[in-house]
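Visitor: here are the coordinates; sequence isn't available:
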């Protein structure tokens, strides 16, 4: 890959990788500083060779400390900038340094890019990650994904090429180093390759008790009472909601029968900070509980149409 993004844990999707990278360089710098001090102050100090070795160790220690600091500061700056652009309920899944390719075979030079995957969007930044993203894609904007296999980036390095087919017919080809490409595989499958009957939506309000467990308030599915992205499973007889934050046992109670549900009209706007094109949908259960979902117009329409076809009542049907 051409130089463009530093090869560091700060861009890796694994949690804590930035800290590990910074600590590795800082630890190396401390060891080199200790070696230099021992060479200058130890029992065999004073010889020209030991003095030269100590000076070289000090220079390397300073370089290691500089790299450690730059990795940590760079990661903090990137996260702070992206945090300013995040929507309510949105969280970063991972950063993936890549190259955007024009050729179909994945060979040749590409444009350096930083791919940021969140639980709502796929963002592609150019060389300067602090600018506005080149591509801002909802998960549903990615119609299909394909692993095109490995290509030779250099004589000593292999890379993985992924093709993302967009809903508007465009093709986005990305080339990752082998390690980053493998890290991208799991979240790509989780967020971009969801089954046909599953989709993600933002739960912005939950009122009343949980229908299947009245002793449990329904708002326990919200993280800290704030809007939360959840996975919606559209089954034949019920809607199941899987919270990414909650333990598996808690998710067992978040299912809602279509025939015991009243579906209101999709409305606007959603809470501040969300796209103006998004719509809000309110689902009422047994007249005692209610959920308000926000999402793209296609997502909200899909949930509402499925609910009505499965036996839910329209709002006007009850007056």
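Guide: Yep, it's here. These numbers were taken from a predicted model, which means no experiment stands behind them. Residues are numbered from 1 along each chain as shown.

Visitor: can you count the residues close to the closest residue to residue 222 other than its chain neighbours?
Guide: Leaving aside its sequence neighbours, residue 222 sits nearest to residue 228 (Cβ to Cβ, 6 or more residues apart in numbering; 4.9 Å). Bear in mind the C-beta positions are built from the backbone N, C-alpha and C, glycine included. The tally of other residues near residue 228 (other Cβ atoms under 10 Å) stands at 23.

Visitor: Over to residue 117?
Guide: Residues near residue 117, counting by other Cβ under 10 Å: 21.

Visitor: coming back round to it: return the residues in contact with the residue nearest to residue 222.
Guide: Contact analysis of residue 228 by Cβ atoms under 8 Å, 6 or more residues apart in numbering lists 89, 202, 203, 221, 222, 243, 245.

Visitor: The third one touches residue 220, doesn't it?
Guide: No: counting by Cβ atoms under 8 Å, residue 203 does not reach residue 220; the two are 11.3 Å apart.

Visitor: who's more crowded, these two?
Guide: Per other Cβ under 10 Å, whichever of residue 203 and residue 220 has more neighbours is residue 203, with 25 against 16.

Visitor: the helices in the stretch 151-300 of the chain, which residues?
Guide: 178-191, 248-251, 297-309 (DSSP state H, counting those that start in this stretch).

Visitor: Please name every helix or strand in contact with the last one.
Guide: Looking back up the chat, that one is helix 297-309. Helix 297-309 makes packing contacts with strand 198-207, strand 228-234, strand 261-263, strand 279-285, strand 289-295 when contacts are defined by 3 or more Cβ pairs under 8 Å, 6 or more residues apart in numbering; DSSP states H and E.

Visitor: at 6 Å what do you get?
Guide: strand 279-285 (3 or more Cβ pairs under 6 Å, 6 or more residues apart in numbering; DSSP states H and E).

Visitor: same thing with the second one?
Guide: Secondary structure elements in contact with helix 248-251, counted by 3+ Cβ pairs under 6 Å, 6+ apart, are absent; no helix or strand qualifies.

Visitor: gap between that helix and the chain center?
Guide: Centroid separation for helix 248-251 versus its chain: 22 Å, with Cα atoms, centre = their mean, to the nearest Å.

Visitor: Flag every buried residue along it.
Guide: 250, 251 (16 or more other Cβ atoms under 10 Å).

Visitor: again with the longest one
Guide: Neighbour-count burial for helix 178-191, counted by 16+ other Cβ under 10 Å, picks out 180, 181, 183, 184, 187, 188, 191.

Visitor: Sketch out the low-pLDDT regions of the stretch 201-319 of the chain for me.
Guide: The stretch 201-319 of the chain contains residues with pLDDT under 70 at 316-319.

Visitor: What's the biggest strand in this protein, counting residues?
Guide: In the chain, assigned by DSSP state E, the strand with the most residues is strand 142-154.

Visitor: Can you pull out the residues in contact with stretch 47-64?
Guide: Identification of contacts with stretch 47-64 by Cβ atoms under 6 Å, 6 or more residues apart in numbering yields 25, 28, 29, 32, 33, 35, 36, 39, 40.

Visitor: between those, which is nearest residue 142?
Guide: residue 25 (35.7 Å; Cβ to Cβ).

Visitor: so how many other residues sit close to the nearest residue to residue 147 once chain neighbours are set aside?
Guide: Leaving aside its sequence neighbours, residue 147 sits nearest to residue 162 (Cβ to Cβ, 6+ apart; 5.9 Å). Using other Cβ under 10 Å, residue 162 has 24 neighbouring residues.

Visitor: ok, now residue 301?
Guide: 14.

Visitor: wait, what's in contact with it?
Guide: By Cβ under 6 Å, 6+ apart, residue 301 has no neighbours at all.

Visitor: any idea how far it lies from residue 201?
Guide: 12 Å (Cβ to Cβ, to the nearest Å).

Visitor: need the strands for the stretch 51-200 of the chain, in chain order.
Guide: Here the stretch 51-200 of the chain has its strands, by DSSP state E, counting those that start in this stretch, at 92-101, 111-118, 121-125, 135-138, 142-154, 157-166, 171-177, 198-207.
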